[in-house]
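J.: Turn this into a model:
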Amino acid sequence: MKKLSIPLLLALIAVGTVLAAHFELLDLYIQTVIMFVGVNIILSSSFNIINGYMGEFACGHAGFMAVGAYVTSVLNLMLFTKSKAFGPPLLSPDLALYFFPVTLILGGIAAAITGLIVAVPSFKTRDDYLAIITLAANFIIVSLFINMDIVGGARGLMGMKQIIFAMEDIVFIPWMLIWVFTFTYLTVFIIRRFVTSTYGKGIIAIHQDEIAAEIMSVNTDKMKLVAFMLSSGLAGVAGGLFAHILGYINPNSFGILKSTECLVMVYMGGMGSLSGSIIAAILFTLLIEGLRFIIPAADTLIHYLPLIPDTFHLSQVLKWVIIPLILVILMQFRPEGIMGNRELSDFFPKLKRFYVFK
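T.: Down below sits the predicted model:
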């Protein structure tokens with residue numbers, strides 16, 4: 001029973017949060033922040049598979065997120081809503097509650113297949129060359145959605161809130177909060193089991209020395225394939241959740257700046273540390289939300305500064321000055337990140353008594 005203490009505690013926290021949201025003890029803003037924390041945990045921990053555990057340098061994670069967001073959204077809109085683009089619903093909206101996790105997983109599978117396509121030309125590349133390939137893939141995916149009128153093109157796609165309303169019509173509880181908690185926990189569980197499995201050991205061996213790993217009969221191409229597909233598939237799940245939290249998606253939301261956010265979280269937490277990814281995702285999300293209160297005050301300074309046109313938005317500049325500045329400070333004073341390549345249980349060995357993660 002002791003080994004289930006932490007999982008039970010997490011379950012109680014999730015249930016308590018959902019009940020607090022249901023009884024309006026948490027406003028919609030706090031609920032949204034909590035959901036974005038979950039999405040960022042999925043993004044950072046999945047991206048850590050490639051950049052951390054495998055030791056490669058990819059920088060196009062937002063592209064896979066976009067695939068999952070659009071595939072999940074289009075499937076739900078086609079199946080459960082009436083729209084100009086897709087016509088009448090193919091199924092009853094009452095079924096949205098039961099099929100939502102299915103469409104979310106299908107979006108993850110679509111993103112995993114996209115990851116497979118990107119992984120194949122990356123077999124013989126490393127470092128900067130892999131970064132170029134994944135960056136190009138990110139631009140290709142975003143450009144593809146921008147030029148697809150059926151999914152809104154550059155205008156974006158909306159209507160996903162109808163899916164949430166359909167689920168709440170069955171049982172009026174904060175379903176998106178429940179799905180975010182569920183898939184965040186599943187993501188952490190899957191990644192933890194993966195990195196401690198035979199495949200995970202092979203990926204870590206590639207990080208240490210790819211040539212030595214091949215000599216020791218590790219199929220490096222297969223390991224890279226599995227790692228890319230798992231990482232991109234989980235990013236697709238995060239994209240599907242992201243789309244339904246907002247109720248609207250735009251291709252430009254998944255550009256290089258979004259991939260940069262993933263990089264910041266991974267390097268802030270520590271390469272090859274699942275605990276670090278979780279901690280960094282929480283801190284990063286809270287920092288971004290904290291800037292929402294600072295930035296409006298900073299924007300008002302524009303009207304009092306000479307030589308600065310009114311079209312200049314200090315808010316956008318301030319955000320992308322502070323976030324890279326965090327990376328600079330980390331590289332100077334703690335280049336290994338908050339956790340390095342260690343887990344919380346390495347600092348507090350007694351924690352292993354309270355959870356089961358073999």
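J.: Only C-alpha atoms from now on, for both contacts and neighbour counts.
T.: Will do.
J.: ok now do I42, which residues does it touch?
T.: With contacts defined as CA atoms under 8 Å, 6 or more residues apart in numbering, the neighbours of I42 are 184, 187-188, 234-235, 238.
J.: 10 Å - rerun?
T.: Listed by CA atoms under 10 Å, 6 or more residues apart in numbering, the contact partners of I42 are 36, 48, 180, 183-188, 191, 231, 234-239, 277-278, 281.
J.: give me the element L234 is part of.
T.: Secondary structure here is read from DSSP states H and E; on that basis L234 sits in helix 220-246.
J.: Go through that helix and flag the buried ones.
T.: Along helix 220-246, the positions that meet the burial threshold by neighbour count (16 or more other CA atoms under 10 Å) are 220, 222-245.
J.: shaky segments in this structure?
T.: Applying pLDDT under 70 to the chain flags residues 1-4, 123-127, 293-318, 353-358.
J.: Not counting sequence-adjacent ones, nearest residue to the residue positioned nearest the centre of it?
T.: By CA atoms, centre = their mean, the chain has its centre lying nearest to L43, at 2.3 Å. In space, and not counting its chain neighbours, L43 is closest to A235: 5.6 Å by CA to CA, 6 or more residues apart in numbering.
J.: what about Y185, distance to C262?
T.: Counting by CA to CA, to the nearest Å, the separation of Y185 from C262 is 19 Å.
J.: I meant G55, not that one.
T.: Distance of G55 to C262, given as CA to CA: 15 Å.
J.: quick one: which of these two has more around it?
T.: Between G55 and C262, counted using other CA atoms under 10 Å, C262 has the larger neighbour count: 27 against 22.
J.: Need the nearest residue in space to the more buried one, chain neighbours excluded.
T.: For C262, the nearest residue in space outside its immediate sequence neighbours is S44; the separation is 5.7 Å by CA to CA, 6+ apart.
J.: In a strand, that neighbour, correct?
T.: No. Checked against DSSP: H, G, I helix; E, B strand; the rest coil, S44 lies outside a strand; its state is helix.
J.: how about it, what does it touch?
T.: With contacts taken as CA under 10 Å, 6+ apart, S44 has the following neighbours: 61, 231, 235, 261-269, 274, 276-281.
J.: ditto for I146
T.: When contacts are taken as CA under 10 Å, 6+ apart, I146 is in contact with 140, 152-156, 250-252.
J.: any idea how far H61 is from T285?
T.: In this structure, T285 and H61 are 17 Å apart, going by CA to CA.
J.: Between these two, which has more neighbouring residues?
T.: H61 (31 against 21).
J.: burial of the closest residue to that one other than its chain neighbours, as a residue count?
T.: The shortest distance from H61 to any residue other than its chain neighbours is 5.4 Å, reached at S259 (CA to CA, 6+ apart). Neighbour count for S259, taken as other CA under 10 Å: 23.
J.: now do the one 4 residues further on
T.: When neighbours are counted by other CA under 10 Å, L263 registers 22.
J.: all helices for the stretch 251-358 of the chain, in order.
T.: The residue ranges that make up the helices of the stretch 251-358 of the chain, judged by DSSP state H, counting those that start in this stretch, are 256-269, 274-300, 314-333, 344-347.
J.: tell me the angle the second one makes with helix 256-269.
T.: What separates the directions of helix 274-300 and helix 256-269 is an angle of 130 degrees, with axes from the mean of the first three to the mean of the last three CA atoms, to 10 degrees.
J.: and helix 274-300, which residues are buried?
T.: Taking 16+ other CA under 10 Å as the neighbour-count basis, helix 274-300 is seen to contain the buried residues 274-285, 291, 295, 299.
J.: Report the two of the residues you listed separated the most.
T.: Spanning the widest gap among these are L274 and D299, at 36.7 Å by CA to CA.
J.: on that earlier part again, check contacts around the residue nearest to L43.
T.: For A235, the contact set (CA under 10 Å, 6+ apart) comprises 39-40, 42-47, 61-69, 107-108, 111-112, 115, 187, 229, 241.
J.: Cross-check the contact I'm expecting between S277 and G38.
T.: No. Contact status for S277 versus G38: not in contact, 11.4 Å apart, counting by CA atoms under 10 Å.
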